[in-house]
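Participant: after the sequence you'll find the predicted model.
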Amino acid sequence: MNDTHDNLIDDYRYGFSMPETSVHKTGTGLDASVVNEISAIKHEPDWMCQFRLNAYDIFQSKPLPKWGADLSAIDFDSITYYLKATEGQAKSWNDLPKEIKETYDRIGVPEAERGFLAGVSAQYESEVVYESINRELDRQGVIFCDMDTALKKYPEKVREYFGTLIPPHDNKFAALNSAVWSGGSFVYIPKGVHVHLPLQAYFRINAEAFGQFERTLIIADEGSFVHYTEGCTAPIYRSSSLHSAVVEIFAKKGARVRYTTVQNWSKNIYNLVTKRARADEDAIVEWVDCNIGSGITMKYPAVYLAGRGARGEVLSIAYAGREQHQDTGAKMVHLAPDTSSRVISKSISKDGGQTSYRGLIHIAKGAENARASVVCDALLIGQASRSDTYPSMDSKNASASIGHEATVEKIGTEKLLYLMSRGLSQSDAEGLLVNGFIEPVAKEIPFEYAIELNRLINLEMEGSVG
Amino acid sequence: MLTLNNLSVSIGNKQILHGISFHFETGKTYAIMGPNGSGKSTLASAVMGHPDFSIHPESSINMENDPLIGSAPHERAKKGLALSFQAPLALPGITLFDLMRVALEGKADPVDLHQKIDAYARELDINEELLKRSLNEGFSGGERKKFETLQIALLDPKVAIFDEIDTGVDVDALRTITAFLATHLSEKTTKIFITHSAKLLKAITPDEILVIKNGHLVATGGDELAHSIETSGFDRF
């Protein structure tokens, strides 16, 4: 049993680690002085320091949520809350330290950049160390930088929006992030500007028991369009790490924002993320959320449909193998008339893995003619795999139309026999069935991400067979 | 080519096949006949390696003197065995091309494969739109059988078993399918057609007919046996 488990860890493709080269590192554990220290290292304005300290108090006062995945094993005292990998930011690839370059080479960031991406902002530990912004974006007036830089260069804009959609008291982990956040992206798209290539950010944890608490804020002004994508890989460590991000999106009148995530943290990571968007009149917000890795994920991207005709979508894929629990879902809050939302959730549980769909559709009293549809499909492979659905519908308006469909399918002997009779091994057959199952969501993902996603899932499935 | 020796098969506690022995020769065409529920489909699935079936220890199945029992279905497929299913299941999100690309990985170039599938589909009167859809999803009985036929031809097997290729298929479609097989299956391929209907016999002209009833091989023979089944069914066995 132990041997198999070790092999699994060895198989993890991104399970290499580089010697730490940090110049700043807080001790383990968290108290008000650590929060002060982080703020001081970053030379932050006083309001941000106060925001952090207030959030720290809220974090301390809130109990761990009891309704979802089991979080009781998180040891907050063993986590390092801040670690800065290099002094300042590198302007170009060549300026990066060798180990960091090697790490990025292995996860393919330079290739991705060569693939004519609009802008690469790659986060190594808690500081953004490398970033290149396309001239075209500059010309269009698009701001795409790390959150620490944004706080220095655009303090008014940051202060206007930061923490207004997800305030620290929203939940314990939003409070934790608010207290110790570092890095993440700030994106501002001016009125009417369409960014045609996806903006990309790569996140990666490289210090044992080190929590990564990035903070992302996207503001899409009226009539603008942006697609933001993030991909995650992390090396393996013996003790648990915590990833707790906060992402806030503001889509103004007629704007459209798509946010795509392919999450592949290693199995010892707790991935506890709060993502929320506000869609004003006729705005569209789409979350495409793929969770393949981590030991435990709790994530329920939300859209607050605040303006008439606003539209929200969550398309999600969750894969849970042995000893994984993906507790994911979506929240659609209809606050205005003629708003519509769609949720498609596809989950795969294999070899005892557990997936849960937890969703909320809320239709407010004034939201005339709201339309909501939820489809959640679960695929079970192997013995003891588990999937649960917790849909919650709350309609205060009789004119609302809400649809909900849920299916559970077990990959049966007959289907496997059919595919194997064509010459496919069992793992190839299961991989093909899984790829087919997620196809409705996978086709919405940018091509290079879809390939990565299929590869990651197939890698996971191969590693767990036999 | 394919030899069944004293083949007995149980599903759960129920014995379905009782000591069937037969030698199928290279390149010949066979019809396995019998009333519904006689164990014909069980025979096909057992030869393919259905994991839920238990093969009795005294039984053996050999292909070119190579034992099949104990090997997984995909290993049998690699040895040159192929099965056209009686009721192929729908595969959401997987097109025929998706499946055959994996099945023929390393054997066929994807571009060539695409062209071959298109050409075969035209010969089989398969609507082009169906090639883009999930395999077997919402397909009619006839369409499913045409897709099975197409796959078997692509796999180019040494032994091809067709389980009720005629069921749910109209006369024209059956003619299309049998003509296609006559063109595209190698002369060396051993063809085994399982059917309960004597109508198929005219289209495939088998070299030999096997009759299975209640899990026993009760008769083998040629044209005379075919004629007798056509006129008086299976009651006399």
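Facilitator: That came through fine.
Participant: can you read off the pLDDT for the residue of chain A found nearest chain B?
Facilitator: Chain A approaches chain B most closely through A:Gly436 (3.0 Å), counting by C-beta to the nearest C-beta. (Glycine included, C-beta is placed from N, CA and C.) What the model reports as pLDDT for A:Gly436 is 93.
Participant: try the one 4 residues further on
Facilitator: For A:Pro440, the model assigns a pLDDT of 88.
Participant: and A:Lys365, by the same measure?
Facilitator: Confidence score, pLDDT, at A:Lys365: 95.
Participant: surely it meets A:Lys396?
Facilitator: Yes - using C-beta atoms under 8 Å, A:Lys365 is in contact with A:Lys396, at 4.3 Å.
Participant: and chain B, which residues reach chain A?
Facilitator: B:45, B:48-52, B:72-74, B:76-78, B:82-83, B:85, B:88-89, B:91-94, B:98-100, B:102-104, B:134, B:151, B:155 (C-beta under 8 Å from any C-beta of the partner chain).
Participant: of these, buried ones?
Facilitator: B:45, B:48-50, B:73-74, B:76-77, B:82-83, B:85, B:88, B:91-94, B:98-100, B:102-104, B:134, B:151, B:155 (16 or more other C-beta atoms under 10 Å in any protein chain shown).
Participant: follow-up on the earlier one: skipping adjacent residues, who's closest to the residue of chain A closest to chain B in space?
Facilitator: B:Gly93 (3.0 Å; C-beta to C-beta, 6 or more residues apart in numbering or on different chains).
Participant: what's the separation between B:Glu58 and B:Ser21?
Facilitator: 11 Å (C-beta to C-beta, to the nearest Å).
Participant: intersection of neighbour lists for those two?
Facilitator: Between them, B:Glu58 and B:Ser21 share these contacting residues under C-beta atoms under 8 Å, 6 or more residues apart in numbering or on different chains: B:Asn6.
Participant: show me what residue 194 is bridged to.
Facilitator: I'll assume chain A. Taking DSSP bridges, one obtains A:Phe225 as the residues bridged to A:His194.
Participant: that was the other one, I meant chain B.
Facilitator: Applying DSSP bridges, one finds that B:Ile194 bridges with B:Ile32, B:Asp163.
Participant: settle this for me: it is touching B:Ala44, isn't it.
Facilitator: Yes - shown here, B:Ile194 and B:Ala44 form a contact pair, counting by C-beta under 8 Å, at 5.8 Å.
Participant: pLDDT weak spots in chain A?
Facilitator: Chain A contains residues with pLDDT under 70 at A:1-24, A:84-135, A:201-211, A:232-240, A:448, A:462-466.
Participant: ok, residue 56 - contacts?
Facilitator: I'll assume chain A. With C-beta under 8 Å, 6+ apart, A:Tyr56 has these contacts: A:Leu30, A:Ala32, A:Val35, A:Ala175, A:Ala179, A:Val180.
Participant: that answer is for a different chain, and I need it for chain B
Facilitator: B:Leu7, B:Ser8, B:Val9, B:Ser10 are the contacts of B:His56 under C-beta under 8 Å, 6+ apart.
Participant: okay if I get those residues as JSON lines plus pLDDT?
Facilitator: Output for the contacts of B:His56, formatted as JSON lines (pLDDT from 0 to 100):
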{"residue": "B:Leu7", "pLDDT": "97"}
{"residue": "B:Ser8", "pLDDT": "96"}
{"residue": "B:Val9", "pLDDT": "97"}
{"residue": "B:Ser10", "pLDDT": "96"}
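Participant: so how far is B:Asn13 from whatever residue of chain B ends up closest to chain A?
Facilitator: Proximity of chain B to chain A (C-beta to the nearest C-beta) peaks at B:Gly93, 3.0 Å away. Per C-beta to C-beta, B:Gly93 is found 37 Å from B:Asn13.
Participant: can you check A:His243 too?
Facilitator: Distance from A:His243 to B:Asn13, by C-beta to C-beta: 52 Å.
Participant: mind checking which of these two has more residues around it?
Facilitator: For the pair A:His243 and B:Asn13, the greater number of neighbours falls to A:His243 (24 against 6), based on other C-beta atoms under 10 Å in any protein chain shown.
Participant: partner residues bridging the more buried one?
Facilitator: Applying DSSP bridges, one finds that A:His243 bridges with A:Gln212, A:Asn271.
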